[in-house]
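*Asks:* Requesting a structural model of the entry that follows:
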Amino acid sequence: MTTQLSVIVPVYNAASTLRDAVTSILAQNIRSMELLLIDDGSTDETASICHELSLRDPRVKVIAQKNAGICAARNRGLNAASGAYIAFCDDDDILLPGALRLLLNTAQSEQADVVRADYELFRENADGTYQKQKHSPGQVCRMQKDGYAAFLKNSGPQFVWNALYRREILADIRFDERCRYGLEDFIFNMAVYRKTDRAIYLPQAVYRHFEGAQSTSLCQSSKALCARVRALNPWMESEYAAIQQRCEESEKSTVWLLRKAEAVTFLMHQLRDAGAPAALRKYAWRTLREVLSRYPSKTLDFLQIAGENKKKTAAILLYQLHMQRLYDLLSSDDSTR
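*Replies:* Have a look, this model is predicted:
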């Protein structure tokens, strides 16, 4: 009997959170499922917890490897997966009740290669409690019918843990293992969209993502920031390639500008939130300018998106005027969309 679904969980030193993540997955009421725990060289009690969980439920399978990062762990899971569909979950997050059934039913009824949905974001406060962040979910959107730009606008940040993928479409797609501190999800999804436009977005939340203070601090370190700056090139390369494949000629320049604005805004937020020193800021903006210079652009590009998104319009304008530091003063709101 063919396995319906493989859920891949990259695991690293998650002794305090892994049980909750696994419980949320196994409670999804999908019997024909395998749960692949990829232990990425954990040094705490994670390995023994993985073993314990595999003994409790035959759907749980454990694969151990030397520490190589989240991308390598996910790729190990993709290579081992046997399910017709693939889903991902991080070791410190949870799937909401009914999430996988909703995604799977939609994929099957719509014959979709990708089904994305909304998610909940909880950020850790100084006292250790978590607070839910507000954002507006998009509307139901089908890439094939509504277009590539509308799909990206409605489906929000292109993470992989709030989505379901047909395994066949991922046959030659893997995570870029050079990316260990972010942007790997975006690059992965752009590769997927180059291959298929059978993608659907649903506004129902299926996933709860916890953003802890420790992980936030790690992501804001100079090492992590430099790694994300280096990932700007493969990110923009994948974005541009997807646009060439998915957009009509008449809309390519506008959609590319919106994705370019996404990169500019992303970098502004990253540097601002980390309080990056002047030298790192200089390196980051020099790198982004070098990356974007490889693609067509116009001096007054920002006028094309003036009605789309005020923040992104401001970001592009300040970027083109070499005044991007002023963006810090515009807003401290870190909207997830």
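
*Asks:* Endpoints of stretch 227-234, how far apart?
*Replies:* One end of stretch 227-234 sits 12 Å from the other (Cα to Cα, to the nearest Å).

*Asks:* Could you tell me which ranges of the stretch 151-300 of the chain sit under the pLDDT cut-off?
*Replies:* Applying pLDDT under 70 to the stretch 151-300 of the chain flags residues 214-220, 298-300.

*Asks:* domain assignment for this structure?
*Replies:* 5-217, 220-330 (automatic domain parsing).

*Asks:* Please, where are all the helices along the stretch 151-300 of the chain?
*Replies:* Along the stretch 151-300 of the chain, counting by DSSP state H, counting those that start in this stretch, helices occupy 184-195, 213-219, 222-230, 232-246, 252-274, 278-292.

*Asks:* could you pull out the strands for the stretch 51-200 of the chain?
*Replies:* Assigned by DSSP state E, counting those that start in this stretch, the strands in the stretch 51-200 of the chain fall at 60-65, 85-88, 94-95, 114-124, 130-132, 141-142, 163-166, 199-211.

*Asks:* chain center to the last one, what's the gap?
*Replies:* Computed by Cα atoms, centre = their mean, to the nearest Å, the separation of strand 199-211 from the middle of its chain amounts to 11 Å.

*Asks:* now the angle from it to helix 232-246?
*Replies:* 160 degrees (axes from the mean of the first three to the mean of the last three Cα atoms, to 10 degrees).

*Asks:* Spatially, what comes nearest to the spatially most central residue of the chain if we skip its sequence neighbours?
*Replies:* Residue closest to the average C-alpha location in the chain (Cα atoms, centre = their mean): residue 159, at 1.9 Å. Nearest in space to residue 159, with sequence neighbours left out and distances taken as Cβ to Cβ, 6 or more residues apart in numbering, is residue 185 at 4.8 Å. All C-beta spots, glycine's among them, are computed from the backbone N, C-alpha and C.

*Asks:* wouldn't the one you found be in contact with residue 160 here?
*Replies:* Yes - if you go by Cβ atoms under 8 Å, residue 185 and residue 160 touch, sitting 4.7 Å apart.

*Asks:* circling back: if we compare the helices of the stretch 151-300 of the chain, which one ends up closest to residue 152?
*Replies:* helix 252-274 (7.6 Å; Cβ to Cβ).

*Asks:* Return the set of buried residues in the closest one.
*Replies:* 252, 255-272, 274 (16 or more other Cβ atoms under 10 Å).

*Asks:* Any idea how far apart the tips of stretch 105-124 sit?
*Replies:* First-to-last distance for stretch 105-124 - Cα to Cα - comes to 33 Å.

*Asks:* rewinding a little: the residue nearest to residue 159: neighbour count?
*Replies:* Neighbourhood size, residue 185 [other Cβ atoms under 10 Å]: 21.

*Asks:* How much space separates it from residue 90?
*Replies:* For residue 185, the distance to residue 90 (Cβ to Cβ, to the nearest Å) stands at 11 Å.

*Asks:* Spell out which residues are contacts of both of these two.
*Replies:* Contact criterion Cβ atoms under 8 Å, 6 or more residues apart in numbering; residues shared by residue 185 and residue 90: residue 161.

*Asks:* coming back round to it: quick one, what contacts the residue nearest to residue 159?
*Replies:* Contacts of residue 185 by Cβ under 8 Å, 6+ apart are 158-161.

*Asks:* Distance to residue 120 added to those, as JSON lines?
*Replies:* Formatted as JSON lines, the contacts of residue 185 follow (distance: Cβ to Cβ, whole Å):
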{"residue": "158", "distance to residue 120": "17"}
{"residue": "159", "distance to residue 120": "12"}
{"residue": "160", "distance to residue 120": "16"}
{"residue": "161", "distance to residue 120": "12"}
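
*Asks:* and of those, the nearest to residue 318?
*Replies:* Using Cβ to Cβ, the contacts of residue 185 come closest to residue 318 at residue 158, 24.1 Å.

*Asks:* That closest one and residue 186 touch, don't they?
*Replies:* Yes - counting by Cβ under 8 Å, residue 158 does reach residue 186; the two are 4.9 Å apart.

*Asks:* Look at those two and report which has more neighbours.
*Replies:* The residue with more neighbours, out of residue 158 and residue 186, is residue 186; 24 against 20, by other Cβ under 10 Å.

*Asks:* How much space separates the more buried one from residue 61?
*Replies:* Taking Cβ to Cβ, one finds residue 186 at 28 Å from residue 61.
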